[in-house]
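# kindly generate the corresponding structure for this input.
(2 chains)
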Amino acid sequence: MRLAQHMAIASDRVRAVAIEATEFPELSRAYQVMAVPKIVMNDRVSFEGALPEAQFLEAVVRAASGNGGP
Amino acid sequence: MGILAAKDQEAIRKEFARLTGPVKLVVFSQELVAGELCRQNEQLMKEVAELSEHLTVEVLNPAIDRERAEAYGVSDVPVTVVEGVRDHGIRFLGIPSGYEFSNLIDSIIAVSRGEVALTEATKASLATLPGDVEIKVFSTPT
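Residues are numbered from 1 along each chain as shown, chains lettered A, B, ... in the order given. This is a model prediction of the structure:
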């Protein structure tokens, strides 16, 4: 979440939403959260586990460009 | 009885010595929807805010303060917005605990100082994003 938050501060185009999965079970089910942390970007790019900054950024750029895929 | 232990308060107070600008924690609560969770979240945010003169808390009810909730894009409770001079889009859905609590404290410091721990390459790339991105991070208390 730290990377997401810092990116949100750095860019007006980025929002960072931290969700306690157990307190929002319907949301967790809707996004098929099986393991945490699970990251979902623009509802189309998603992955589980922490990524290094460069790869996290790649996912953000992919989401911003409208390209899906893992 | 408080949520934060005295030693945690002291540790956070030291971290907050680095705060330079105002930060507002906008807390959305709705007793009828999730009373206990909302009460705990409100209390936690108020205890955190008491640890620095730079912090304030505003509590809103999305069913009553509808325009504000809509402006923040908030429809659930409990939700906390970490807002500096402007809204950066940082939201916490649920009570931040464990690792997420550390992230709450970190985000308050980063928003207050306007400083981010990102490489220059990342900042440059973010400056040219072709569209908006909402990053959802699901976690569980640890």
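# next, count neighbours for B:His54.
18 (other CB atoms under 10 Å in any protein chain shown). The C-beta positions use only the backbone N, C-alpha and C, and glycine is treated the same way.
# also B:Tyr72?
19.
# if I look at it, what pLDDT would I see?
B:Tyr72 is assigned 97 on the pLDDT scale.
# cool, the one 10 residues further on as well?
You'll see B:Val82 listed with a pLDDT of 98.
# can you show me the strands along the chain?
Using chain A. With DSSP state E as the criterion, chain A has strands at A:14-20, A:38-41, A:45-48.
# could you do chain B instead?
Going by DSSP E, chain B shows strands at B:23-28, B:55-60, B:79-83, B:87-93, B:133-139.
# need these in a markdown table (columns: mean neighbour count and distance to B:Ala34).
Shown next, in a markdown table, are these (neighbours: other CB atoms under 10 Å in any protein chain shown; distance: least, CB to CB, whole Å):
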| stretch | mean neighbour count | distance to B:Ala34 |
| --- | --- | --- |
| strand B:23-28 | 23 | 10 |
| strand B:55-60 | 17 | 14 |
| strand B:79-83 | 24 | 10 |
| strand B:87-93 | 25 | 11 |
| strand B:133-139 | 24 | 18 |
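# how about these in a markdown table, adding distance to B:Arg113?
A markdown table is the format used below for the strands of chain B (distance: least, CB to CB, whole Å):
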| stretch | distance to B:Arg113 |
| --- | --- |
| strand B:23-28 | 10 |
| strand B:55-60 | 13 |
| strand B:79-83 | 13 |
| strand B:87-93 | 13 |
| strand B:133-139 | 21 |
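# can you map out the helices along chain A?
Using DSSP state H, the helices of chain A run over A:2-10, A:25-30, A:53-65.
# give me whichever of those helices is most buried.
When you average the neighbours per residue for each of those (mean count of other CB atoms under 10 Å in any protein chain shown), helix A:2-10 leads with a mean of 25.
# so that one versus strand B:87-93, what angle?
150 degrees (axes from the mean of the first three to the mean of the last three CA atoms, to 10 degrees).
# for helix A:2-10, packing partners?
On a contact count with 3 or more CB pairs under 8 Å, 6 or more residues apart in numbering or on different chains; DSSP states H and E, helix A:2-10 meets strand A:14-20, helix A:53-65, strand B:87-93, helix B:99-113, helix B:120-126, strand B:133-139.
# dump these to JSON lines, plus distance to B:Ile12.
Below are the helices and strands packed on helix A:2-10 laid out as JSON lines (distance: least, CB to CB, whole Å):
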{"stretch": "strand A:14-20", "distance to B:Ile12": "18"}
{"stretch": "helix A:53-65", "distance to B:Ile12": "26"}
{"stretch": "strand B:87-93", "distance to B:Ile12": "16"}
{"stretch": "helix B:99-113", "distance to B:Ile12": "6"}
{"stretch": "helix B:120-126", "distance to B:Ile12": "27"}
{"stretch": "strand B:133-139", "distance to B:Ile12": "20"}
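# can I get the ones you listed in TSV with distance to A:Glu26 and mean pLDDT?
Formatted as TSV, the helices and strands packed on helix A:2-10 follow (distance: least, CB to CB, whole Å; pLDDT from 0 to 100):
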stretch	distance to A:Glu26	mean pLDDT
strand A:14-20	11	97
helix A:53-65	23	97
strand B:87-93	12	98
helix B:99-113	19	97
helix B:120-126	31	98
strand B:133-139	12	97
